[in-house]
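Asks: Need a 3D model of the sequence below.
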Amino acid sequence: MAGLAKGLRIIEAFDETHPTLTVSTAAEAAGITPAAARRCLLTMQELGYVSHDGKFFRPTPRMQRLGGSYSGSAQLPVLAQPHLEAVRDELGESASLAVLDGSYVTFVARVESQRIVTMNVRLGARLPAHASATGRLLLSALPDDEIDRHLEGCEPERTGPNTVTDVAEIRRRILAVRESGVSFTDEELEVGIRTVAVPVVDVAGRTHAALSLAVLASRTPLEELRERHVPVMQQAAARLGQML
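Replies: All right, here's what the predicted structure looks like:
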C-alpha cells in the first residue's frame, strides 16, 4: 500500500504547470526518493498510464479513466450536469463545478460553450483555494480557525496583473465573500480573465461545492457579471442544492 500511495502522489503532481515530469521532479513533488519515483513511473508506463521519451514522463489518455471513476460514480457531478447546462444555455458561457480539496479546489463537473475562445479548464484540474473565486467561496463556508489553518504558510505567487499576494488581504476577501455569498476575481489568476462563483448549499445549510464561470474581461464587464450572470448561477445552484 505504501507503493500505491507513492504512485498516487506522483499522479497528482501532473497538472497544467507540470504536464511532464522527470524522475527527479516526480521524486521532489511526491516527497520520495528518486529510486522510488523511477519504479512508480516505470510501473505506470508498463500499465499504459504514462509515456516516456527517454527523459520526460507524460500522462496518456488512459489516465482519464482514474478521474472518470469519480465523475461517473459520484452523485454530485451527475446531479450538477443539467444545471450547468442550463447556465451555459442561458448565458452562453462554459460553466464548472468545483469542490474543496485540501488547500486546492478541484473541478468535478463542466459543460463547454460554443464560443471560439473559452477558458481551458479540464475535469480534475486544481487551483489554489486562496487565489481563486471558487476557493475563496468554499473557504468562506469554514469556521474562522479553519480558514486561518488554510492560510497558514500560504505564499501567494503573482500570476496576473491583479493577483493578491498579501495574506491578510486574502483573508479579508474570504470573509467578505461570506457576507455577500458571491466571489469574484478580476485578472488575478490570469491576465484578461474574470471569474465568478456562487455556493451550492443543501437544505441543511451545508456548502457542498461552488458553481463558477470564467469569462474574458474584454467581453464581460464586472457589472454584467453581477447583474446578469450571478442571478442565473444562483438559481441553478439553488436547484442543485435542493437535490442534495
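Asks: Could you use CA atoms for every contact and neighbour count after this?
Replies: Noted.
Asks: Pretty sure Thr176 sits in a helix.
Replies: I think there's a mix-up here, since residue 176 is Ala and not Thr. Yes: counting by DSSP: H, G, I helix; E, B strand; the rest coil, Ala176 is found in a helix.
Asks: Neighbours of it, how many?
Replies: 16 (other CA atoms under 10 Å).
Asks: repeat for Val108
Replies: 24.
Asks: and it, what does it touch?
Replies: Residues counted as contacts of Val108 (CA atoms under 8 Å, 6 or more residues apart in numbering) are Ser71, Pro77, Ser96, Leu97, Ala98, Val99, Leu123, Gly124.
Asks: Gly241 versus the fourth one, what's the distance?
Replies: Applying CA to CA, to the nearest Å, the value for Leu97 to Gly241 is 12 Å.
Asks: Tell me which of those two has more neighbours.
Replies: Remark: of Leu97 and Gly241, Leu97 carries more neighbours, 28 against 23, as counted by other CA under 10 Å.
Asks: Report the contact partners of the more buried one.
Replies: Taking CA under 8 Å, 6+ apart, one finds Pro77, Ala80, Leu84, Phe107, Val108, Ala109, Arg110, Ala209, Ala210, Leu211, Ser212 in contact with Leu97.
Asks: secondary structure element for the first one?
Replies: Spelled out, that is Pro77. Using DSSP states H and E, Pro77 falls within helix 75-91.
Asks: In that helix, which residues are buried?
Replies: For helix 75-91, burial by neighbour count (16 or more other CA atoms under 10 Å) applies to Leu76, Pro77, Ala80, Gln81, His83, Leu84, Glu85, Ala86, Val87, Arg88, Asp89, Leu91.
Asks: show me where pLDDT drops low in this protein?
Replies: Along the chain, the model assigns pLDDT under 70 to residues 67-74, 115-121.
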